[in-house]
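S.K.: no sequence for this one, just the structure:
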């Protein structure tokens, strides 16, 4: 598969959160090191040391933690052999800007892998708004350290909902070519995608608000 073949050398994980994805990728002998770029400084300060040591043990130095915004990457041009965004791209308020920043720091003909969610193209605006206005329950706020007495919606938490055709337009504008697309789904009752892609059903939780993940393999052309 594309990820297995092209995840090697020096990479970057955009919106890397607690560092779990970066550390797991760094287990590969093909990966020299990976920069975990995360905007939340406390995630890097408190989570990364624990996560890296737990997963990588003596090789924890393979993950380099960096505080940064993926719309303003502080790296030299053509630095990375691959890039990955796992469940973070939908947080971008300027997707094309995000992609162009990644393109700048990626080497020519290298790959960007986006694992995220996407709505069907026929999804009405009413449904998009409904999902964005979903209010977090008390249990969710406790787990995520949100103020318990404050009403917090998904939109207030920086969530955004993009459709398949919107994502494709973003990729085209930033001059990335879709080389492969896979879809994982954890709910057989869910309405199938309307772009004609076969869905691979899984028995494990995919996490997040949506029970379907799309995996884009994008070539920097």
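M.R.: That came in fine, so what should we check first? Remember, predicted model here, so these are calculated numbers, not experimental data.

S.K.: where's residue 22, which helix or strand?
M.R.: Under the assignment given by DSSP states H and E, the secondary-structure element containing residue 22 is helix 20-25.

S.K.: what sits up against that helix?
M.R.: Under the contact criterion CB atoms under 8 Å, 6 or more residues apart in numbering, helix 20-25 has outside partners 7, 11, 13, 16, 31, 34-36, 51-52, 54-56, 60, 63, 84, 86. (Glycine included, C-beta is placed from N, CA and C.)

S.K.: likewise stretch 202-219?
M.R.: Contacts of stretch 202-219 from elsewhere in the structure, counted by CB under 8 Å, 6+ apart, are 2-3, 6, 87, 109-118, 131, 134, 154, 159, 164, 167, 171, 176-187, 190, 193, 199.

S.K.: Selection in PyMOL covering whichever of the residues you listed are buried, please.
M.R.: Selecting the buried subset of these in PyMOL, with 16 or more other CB atoms under 10 Å as the burial test, is done by:
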select buried, resi 2+3+6+87+110+111+112+113+114+115+116+117+118+131+154+164+167+171+176+181+182+183+184+185+186+193
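
S.K.: which ones among the contacts of stretch 202-219 are found in helices?
M.R.: Counted as lying in helices by DSSP state H, out of those, are 2-3, 6, 131, 164, 167, 171.

S.K.: Would you mind listing the buried residues in stretch 149-167?
M.R.: Buried-residue list, stretch 149-167, by 16+ other CB under 10 Å: 154, 161-164, 167.
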